[in-house]
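In: here you go, sequence then predicted model.
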2 protein chains.
Amino acid sequence: MKMRTISELEQVIRSAGYRVTRSRLAVLHVLARADGVLDAAAIHRLGRREHPRLGRVSVYRTLDLLIELGLVRQIHGDGGCHGFARADRSEGHYLVCQSCGQVSEFPCAGLDQLLDAVARQSGFLVRGHMLQLEGLCPACRPA
Amino acid sequence: MKMRTISELEQVIRSAGYRVTRSRLAVLHVLARADGVLDAAAIHRLGRREHPRLGRVSVYRTLDLLIELGLVRQIHGDGGCHGFARADRSEGHYLVCQSCGQVSEFPCAGLDQLLDAVARQSGFLVRGHMLQLEGLCPACRPA
DNA sequence: CTCCCTGCAAACATTTTGCATATCA
DNA sequence: TGATATGCAAAATGTTTGCAGGGAG
């Protein structure tokens, strides 16, 4: 998926009949700047820097909206599965370190073929996928 | 992973230096009988049928223990990511229906190769994986 | 008999609702 | 201006901890 500019993201929101508000922009900006995965609390905290009156509630509602529009993806971690990241930054492939908790992404060539095969065999209409590997990152793995 | 009998599961618990108690047995039995994925509340409710004094707390603690021992796997669903299933019943490959919420499993030949390649490239020590496909099951997909 | 495990209650953390007000288009 | 979105407070939900008593080995 190609990377979108903030303006393009705003456009998606508008086209869907929703308003572009300060709260929503704040959340978008936070996610745009973030490299990795953030949880709702972090998004709220960072969002307050640019919009101090931003409420927790709006963060949740905005995230719901962005997920519905396909702009944001929810990441399900091992402990507390409450991460969010921009969908166009990620392909849905994550490496989660069980020691330091860091999440990184990886390219995964060949997965699509595999998914096609599964779809054919199961009769399932596949609309998305998530592949997570758990283990130890290079920094945490024993020598 | 081969399917284990309840006695074998008990043995694993004992070997690890833990006691086999009524609460733990109740949770094991519930998970053994269940076909799909259950959340903590469901496990508690069903477990009470066989052990009425079973407390919520013990369910959580038992699940932690079983995960630690590798007997149970945690499933991260879309809404409320709090499912649990016996590890020896599952390979970590799930199809989640976005309409009816049903979770089923699928065999996924060829994934291991793919993971090996990723491990080599990333320097990550991979200890487990989870592949989830989201979409519509045969019953829910449009004609 | 001893120590681990349990269950209760209460603390805690996170997410969702009700409602009056503010704000975008 | 009018419908939508916000933010607060409070409720609902889900999970963890403290502690006295109970049960497995």
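Out: Now that the structure is in, tell me what you want to look at. Numbers count the residues shown, from 1 in each chain, chains lettered A, B, ... in the order given.

In: where in chain A is the helix or strand with the lowest mean pLDDT?
Out: strand A:103-105 (a mean of 73; mean pLDDT, DSSP states H and E).

In: and chain A, which of its residues are near DNA strand C?
Out: By the rule CB under 7 Å from any atom of the strand, the part of chain A lying against DNA strand C is A:14, A:19-22, A:39-41, A:56-57, A:60-61, A:64, A:80, A:82. For the C-beta atoms, the positions are set from N, CA and C on the backbone; glycine is no exception.

In: lowest-confidence entry in these?
Out: Across the set of these, residue A:80 stands lowest in pLDDT, at 59.

In: which parts of stretch A:7-16 are buried?
Out: A:9, A:13 (16 or more other CB atoms under 10 Å in any protein chain shown).

In: on that earlier part again, immediately after the least confident helix or strand of chain A, which helix or strand?
Out: Using DSSP states H and E, the next helix or strand after strand A:103-105 towards the C-terminus is helix A:111-122.

In: flag every residue of chain A that's near chain B.
Out: For chain A, the residues in contact with chain B (CB under 8 Å from any CB of the partner chain) are A:74, A:76-78, A:81, A:95, A:97-98, A:104, A:106, A:108, A:110-111, A:114-115, A:118-119, A:121-138, A:141.

In: now the one residue sitting closest to the centre of chain A, what's its secondary structure?
Out: Among the residues of chain A, the one closest to the centroid is residue A:85, at 2.2 Å (CA atoms, centre = their mean). Three-state call for residue A:85 (DSSP: H, G, I helix; E, B strand; the rest coil): strand.

In: separation between it and residue B:39?
Out: Between residue A:85 and residue B:39 the computed distance is 25 Å (CB to CB, to the nearest Å).

In: quick one on the thing from earlier: surely the residue nearest to the centre of chain A touches residue A:67?
Out: No - counting by CB atoms under 8 Å, residue A:85 sits too far from residue A:67 to count as a contact (11.0 Å).

In: joint contacts of those two?
Out: residue A:73 (CB atoms under 8 Å, 6 or more residues apart in numbering or on different chains).

In: got the CA positions of the longest strand along chain A in CSV?
Out: Ranked by number of residues, the top strand in chain A under DSSP state E is strand A:125-136. This file holds the C-alpha atoms of strand A:125-136, laid out as CSV (Å, rounded to 0.1, in the frame of the first residue of the first chain):
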residue,chain,number,x,y,z
LEU,A,125,-13.2,-14.5,1.6
VAL,A,126,-9.9,-13.1,2.9
ARG,A,127,-9.9,-9.4,3.4
GLY,A,128,-6.9,-8.9,5.5
HIS,A,129,-4.2,-10.7,7.4
MET,A,130,-1.8,-10.4,10.2
LEU,A,131,1.3,-12.4,10.7
GLN,A,132,3.1,-12.0,14.0
LEU,A,133,6.3,-13.7,15.0
GLU,A,134,7.2,-13.8,18.7
GLY,A,135,10.7,-14.3,19.8
LEU,A,136,13.9,-12.5,20.8
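
In: I am finished for the moment; much appreciated.
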